[in-house]
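Novice: please find the sequence and the predicted model below.
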Amino acid sequence: MNQKPSNRRSASEWQNLIGQQQESGVSQKAFCELNNICLSTFTLWKRKLTVTPRTQQSLADPEWIELPANLDCAAPEQSKWDMELELPGGVILRMRR
């Protein structure tokens with residue numbers, strides 16, 4: 001039985017290919033055609049391995065605001081709060097107390 005050799009690449013091999021494409025000056029499509037690589041797979045790995053400053057920030061320092069667990073209902077002015085969450089598709093969730 002003749003088995004086809006595996007074409008799987010490691011993350012470091014993909015990182016190397018992404019670097020080669022960037023240094024080559026040719027488009028991703030042309031680079032993939034020249035190297036017999038599926039463009040969608042190349043794009044997927046590039047997205048996986050590219051960390052943007054925003055991604056780094058959100059992983060390292062999430063913007064959480066801690067609300068007190070025991071809000072004093074006797075002082076309504078001091079216990080008021082507003083929260084707004086923007087979701088994909090233009091949906092905005094607003095919560096107020």
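Specialist: Perfect, I can see it now.
Novice: residue 83 in helix, strand or coil?
Specialist: strand (DSSP: H, G, I helix; E, B strand; the rest coil).
Novice: and it, how many residues sit next to it?
Specialist: For residue 83, the tally of surrounding residues (other C-beta atoms under 10 Å) stands at 11. Quick note: C-beta positions are derived from backbone N, CA and C, even for glycine.
Novice: my guess is it contacts residue 92, does it?
Specialist: No - no contact is recorded between residue 83 and residue 92 when judged using C-beta atoms under 8 Å, the distance being 11.0 Å.
Novice: phi, psi of residue 87?
Specialist: Residue 87 has phi and psi values of phi -110, psi 160 when expressed as degrees, to the nearest 10.
Novice: pull the number of nearby residues for it.
Specialist: Neighbourhood size, residue 87 [other C-beta under 10 Å]: 8.
Novice: contacts only, for it.
Specialist: residue 93 (C-beta atoms under 8 Å, 6 or more residues apart in numbering).
Novice: for it, give the beta-bridge partners.
Specialist: Beta-bridge pairing of residue 87, defined through DSSP bridges, involves residue 91.
Novice: quick one: it from residue 95, how far?
Specialist: Computed as C-beta to C-beta, to the nearest Å, the residue 87 to residue 95 distance reads 13 Å.
Novice: in the chain, which segments are predicted with low confidence?
Specialist: Along the chain, the model assigns pLDDT under 70 to residues 1-7, 51-79.
Novice: one more time with 90, if that's ok
Specialist: Where the chain drops to pLDDT under 90, the residues are 1-8, 11, 47-97.
Novice: which residues are in contact with residue 38?
Specialist: By C-beta under 8 Å, 6+ apart, the contact set of residue 38 is residue 32.
Novice: ok, now how distant is it from residue 94?
Specialist: Residue 38 sits 44 Å away from residue 94, going by C-beta to C-beta.
Novice: what helices or strands is the one helix or strand residue 40 maps to leaning on?
Specialist: For residue 40, the element it lies in under DSSP states H and E is helix 39-49. Contact analysis of helix 39-49 by 3 or more C-beta pairs under 8 Å, 6 or more residues apart in numbering; DSSP states H and E lists helix 11-24, helix 28-34 as its packing neighbours.
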